[in-house]
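S.K.: Quick one, what's the 3D model for this:
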Amino acid sequence: SCSIVCMENNSCQSLPIYCDEDTQCHIYCTANESCASSVIDASYSTSLALHCNGYHSCRNVHIYCPSDSNASYCHIQGSDQSTQTSLHIYSTNGWEGIGLSQYETNMEVSNDNRMFCGYPENNDSCIISTEQWNCADDTDHC
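M.R.: Predicted coordinates for the structure are as follows:
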């Protein structure tokens, strides 16, 4: 397993974070804006556990979930509403294999949270609902 800890303010901000191939990846963003505007790539890992526990710690983060459809799991955990602003989640299987916890679901529309599903084979995407963790438009393909 691989663990990356960003425990100082802005410590991993705007950095690319790559998880090792065929490993469980754990990323801890525990301080103010510690992982803000980062790209987290766990495409080739077996699982990703992303912990967003600081103020704006995961704002504007692009998250590439593991792509192995047989064993992958992508878990995103947060502690306050500010951490879910402008999350962009890329998942081969859409909502299957995605776990979210300790997030409020009454987000503002301006938070620009998006799911990109079927990645990288196709470019389907949807705006994440402000009321629950699924697509805002039921006709979207994610």
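
S.K.: gap between stretch 5-14 and the chain center?
M.R.: 16 Å (C-alpha atoms, centre = their mean, to the nearest Å).

S.K.: going forward can the numbers begin at 259, since that is how I track them
M.R.: That works, and once the first residue is 259, the last one we named lands at stretch 263-272.

S.K.: Need the distance between the two termini of that stretch.
M.R.: 15 Å (C-alpha to C-alpha, to the nearest Å).

S.K.: What residues sit buried inside it?
M.R.: The neighbour-count check on stretch 263-272 (16 or more other C-beta atoms under 10 Å) flags 264, 269-271 as buried. Every residue, glycine included, has its C-beta placed from N, CA and C.

S.K.: Name the residues of the one helix or strand Ala307 maps to that are buried.
M.R.: Here Ala307, judged by DSSP states H and E, is contained in strand 305-310. Buried residues in strand 305-310, counted by 16+ other C-beta under 10 Å: 305-310.

S.K.: Any chance of those residues in JSON lines with pLDDT and distance to Asn290 as columns?
M.R.: JSON lines is the format used below for the buried residues of strand 305-310 (pLDDT from 0 to 100; distance: C-beta to C-beta, whole Å):
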{"residue": "Ser305", "pLDDT": "92", "distance to Asn290": "27"}
{"residue": "Leu306", "pLDDT": "94", "distance to Asn290": "22"}
{"residue": "Ala307", "pLDDT": "94", "distance to Asn290": "21"}
{"residue": "Leu308", "pLDDT": "94", "distance to Asn290": "17"}
{"residue": "His309", "pLDDT": "91", "distance to Asn290": "15"}
{"residue": "Cys310", "pLDDT": "89", "distance to Asn290": "11"}
